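Asks: Quick one: sequence plus predicted model below, questions after.
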Amino acid sequence: MSQAAHAPIPFELPAIPIRQILPWAVFAGLLFLIVMYFVSTEQGAVSMFDGTYLHELVHDGRHLLGFPCH
Amino acid sequence: MRALLVAGLLAGLVGGVFAFAFAAVVGEPPVEVAISIEEQGPGGHDHGETEAPDHDHGSAEVSRDVQRTIGLAVATCAFGTALGGLFALAFAFAHGRIGTRAPRATALSLTAVGFVAVAFVPFLVYPPNPPAVGHAETIGDRTATYFAMVAFSVVLAVVAVRASARSGWLGRVGAALAYVVAVSVVAALLPAYDEVPADFPAQTLWDFRLASLGTQAVLWVAIGVAFAALLDRLAQRETKRATEAGLAAG
């Protein structure tokens, strides 16, 4: 019955130091933005690769997520 | 940080699935109507002549059946996962720095601010167009101004949140008002586009735009709630671990 003597120690999420966030923010942030660019714009208004497959595939998502499509 | 990022990606995927479900049920009917209008040819507007070769709807490359199911799911899930990741990064910056210590409150505030700044304000300034609406020759300009609007809106929102982080609710209301005034000025300075063909049915346009706003709202709310729930689980696990460690030590 020793549990009664120990109240649960509540976990408090600490504020994460900016220095620790920054490399994640730069690396992951860039990756995420690139993914979003490919979903939202590539092979539409701006084209890095020839063809229209990507545009056609994500076409409805582009419209319904609110991006200018064509 | 790792745990937060994982939570964000998972929440984003959940958001993408919910957004897909909403978009498939509510969004696809007006898209289908719009495409059938587009395919009836240049009905009163110059779409037929100038349209880019890249939008044959239901072309051999990707059929309409694929576009409205797998294609839509790929788009919402990829976009949702990426947005969830960015959400987690924004949360890492905001947590403990915007006045509230409670992670759930931070996550839900971030949801509200993020939805307004990233989706709602750009939606109001540049409402999305269904197929058959919008001139092909302005797509470059429209895309640039849309992203400019998103960028201004996000930067102004970050400034407003940071400026009022340590103030009371009156200060926050003031910051919110300043944000609204600032984005209104930006919106007034950016060019406007009035390209809806006269014969495009208003009901379809309204249905489509409402569905688009709804899709984005579902995506944001699902990401915020799922992220908050995952944070809760994380806190419970850590509490249990700390308590057991305390028992072992005592």
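Replies: That came through, no problem.
Asks: gap between the longest helix along chain B and the chain center?
Replies: Across chain B, the longest stretch assigned as helix under DSSP state H is helix B:202-249. On the basis of Cα atoms, centre = their mean, to the nearest Å, the separation between the geometric centre of helix B:202-249 and that of its chain is 15 Å.
Asks: Is chain A within reach of that helix?
Replies: Yes - looking at helix B:202-249 against chain A by Cβ under 8 Å from any Cβ of the partner chain, the contacts come from B:208, B:211-213, B:215-216, B:219, B:231, B:234-236, B:238-240, B:242-243, B:246-247. No exception for glycine: its C-beta is placed from N, CA and C like everyone else's.
Asks: What residues does the residue nearest the centre of chain A make contact with?
Replies: Using Cα atoms, centre = their mean, the residue of chain A that lies closest to the mean C-alpha position is residue A:32, 4.4 Å off. Contact analysis of residue A:32 by Cβ atoms under 8 Å, 6 or more residues apart in numbering or on different chains lists B:82-83, B:85-86.
Asks: for the longest helix of chain B, packing partners?
Replies: With contacts defined as 3 or more Cβ pairs under 8 Å, 6 or more residues apart in numbering or on different chains; DSSP states H and E, the packing partners of helix B:202-249 are helix A:59-64, helix B:2-22, helix B:28-39, helix B:72-94, helix B:103-114, helix B:121-125.
Asks: okay, the helix or strand harbouring residue A:30 in PDB with CA atoms only?
Replies: If you go by DSSP states H and E, residue A:30 is part of helix A:18-40. As requested, the backbone C-alpha atoms of helix A:18-40 are provided in PDB (Å, rounded to 0.1, in the frame of the first residue of the first chain):
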ATOM      1  CA  ILE A  18      14.900  27.900 -29.700                       C
ATOM      2  CA  ARG A  19      18.500  26.700 -30.400                       C
ATOM      3  CA  GLN A  20      17.200  23.200 -30.200                       C
ATOM      4  CA  ILE A  21      14.100  23.800 -32.500                       C
ATOM      5  CA  LEU A  22      16.000  25.700 -35.100                       C
ATOM      6  CA  PRO A  23      17.800  22.900 -37.000                       C
ATOM      7  CA  TRP A  24      14.500  20.900 -37.100                       C
ATOM      8  CA  ALA A  25      12.600  23.900 -38.200                       C
ATOM      9  CA  VAL A  26      15.000  24.700 -41.100                       C
ATOM     10  CA  PHE A  27      15.400  21.100 -42.400                       C
ATOM     11  CA  ALA A  28      11.900  19.700 -41.800                       C
ATOM     12  CA  GLY A  29      10.300  23.000 -42.600                       C
ATOM     13  CA  LEU A  30      11.900  23.100 -46.000                       C
ATOM     14  CA  LEU A  31      10.900  19.500 -46.700                       C
ATOM     15  CA  PHE A  32       7.300  20.200 -45.700                       C
ATOM     16  CA  LEU A  33       7.200  23.300 -47.900                       C
ATOM     17  CA  ILE A  34       8.500  21.400 -50.900                       C
ATOM     18  CA  VAL A  35       5.800  18.700 -50.400                       C
ATOM     19  CA  MET A  36       3.200  21.500 -50.200                       C
ATOM     20  CA  TYR A  37       4.600  23.100 -53.300                       C
ATOM     21  CA  PHE A  38       4.300  19.900 -55.300                       C
ATOM     22  CA  VAL A  39       0.700  19.300 -54.200                       C
ATOM     23  CA  SER A  40      -0.400  22.900 -54.700                       C
END
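Asks: can you pull the contacts of residue B:19?
Replies: Residues touching residue B:19, when contacts are defined by Cβ under 8 Å, 6+ apart, comprise A:65, B:76, B:80, B:215-216, B:218-219, B:222.
Asks: Under the pLDDT cut-off, which ranges of chain B? List them.
Replies: Confidence mapping of chain B against pLDDT under 70 gives the ranges B:41-60, B:250.
Asks: who touches whichever helix or strand comes after the helix holding residue A:30?
Replies: Sequence-wise, the next helix or strand downstream of helix A:18-40 (DSSP H and E) is helix A:53-57. Residues outside helix A:53-57 that contact it (Cβ under 8 Å, 6+ apart) are A:38, A:42-44, A:62, B:54-55, B:59, B:61-62, B:66-67, B:70-71, B:74-75.
Asks: buried residues in helix A:53-57?
Replies: Neighbour counts over helix A:53-57 (16 or more other Cβ atoms under 10 Å in any protein chain shown) mark A:54-57 as buried.
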